[in-house]
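1. My questions concern the predicted model and sequence given below.
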Amino acid sequence: MMKQTKRKILQGVVISDRMDKTVTVEINTLVLHKKYKKYVKRRVRYKAHDEKNLCKIGNKVVIEATRPLSKTKRWRVVSIVDPVVA
């Protein structure tokens with residue numbers, strides 16, 4: 001019997017929804033610089049699986065790590081936190 005592990009969960013903003021069943025999610029963080037002791041913006045972009053094509057640009061979403069689904073896709077959309085009203 002295998003033990004279920006906790007999967008990594010992140011929250012970010014959808015910046016692209018052009019692909020079929022895939023969205024690009026951008027996650028911005030502030031990191032303290034070791035030497036200069038100032039906060040620096042860091043940006044990471046992930047490709048996430050969106051099975052029903054519900055996500056639109058500007059939506060805040062929660063993504064979860066999963067097995068590799070394609071060459072660059074290792075995340076899936078769990079939920080839409082803040083939908084954009086168009």
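-> Structure's in. What do you need?

2. what's residue 41 in contact with, if anything?
-> Contacts for residue 41 were tallied using CB atoms under 8 Å, 6 or more residues apart in numbering; they are 28-30. The C-beta positions use only the backbone N, C-alpha and C, and glycine is treated the same way.

3. just residue 50 next, same as before
-> For residue 50, the contacting residues are 17, 21-23, 76-77, by CB under 8 Å, 6+ apart.

4. quick one on the thing from earlier: most surrounded residue in the contacts of residue 41?
-> Among the contacts of residue 41, residue 29 has the most neighbours (other CB atoms under 10 Å), with 12 neighbours.

5. Tell me the pLDDT of the residue nearest to residue 22 when sequence neighbours are not counted.
-> With sequence-adjacent residues excluded and distances taken as CB to CB, 6 or more residues apart in numbering, residue 22 is closest to residue 47, at 5.7 Å. Looking at residue 47, its pLDDT stands at 98.

6. who does residue 47 bridge with?
-> Assessed by DSSP bridges, residue 47 has beta-bridge partners residue 24, residue 73.

7. got any ranges where this structure has weak pLDDT?
-> Along the chain, segments meeting pLDDT under 70 span 1-2, 86.

8. Just give me the residue closest to the centre of it.
-> residue 25 (4.2 Å; CA atoms, centre = their mean).

9. Let's have the contacts of residue 41 in JSON lines, adding distance to residue 13 and secondary structure.
-> JSON lines is the format used below for the contacts of residue 41 (distance: CB to CB, whole Å; DSSP: H, G, I helix; E, B strand; the rest coil):
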{"residue": "28", "distance to residue 13": "8", "secondary structure": "strand"}
{"residue": "29", "distance to residue 13": "13", "secondary structure": "strand"}
{"residue": "30", "distance to residue 13": "15", "secondary structure": "strand"}
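
10. Strands of this protein, residue ranges please.
-> 9-16, 22-32, 39-49, 60-65, 73-82 (DSSP state E).

11. which one of these is the most hemmed in?
-> strand 60-65 (a mean of 18; mean count of other CB atoms under 10 Å).

12. Give me the angle between it and strand 73-82.
-> 150 degrees (axes from the mean of the first three to the mean of the last three CA atoms, to 10 degrees).
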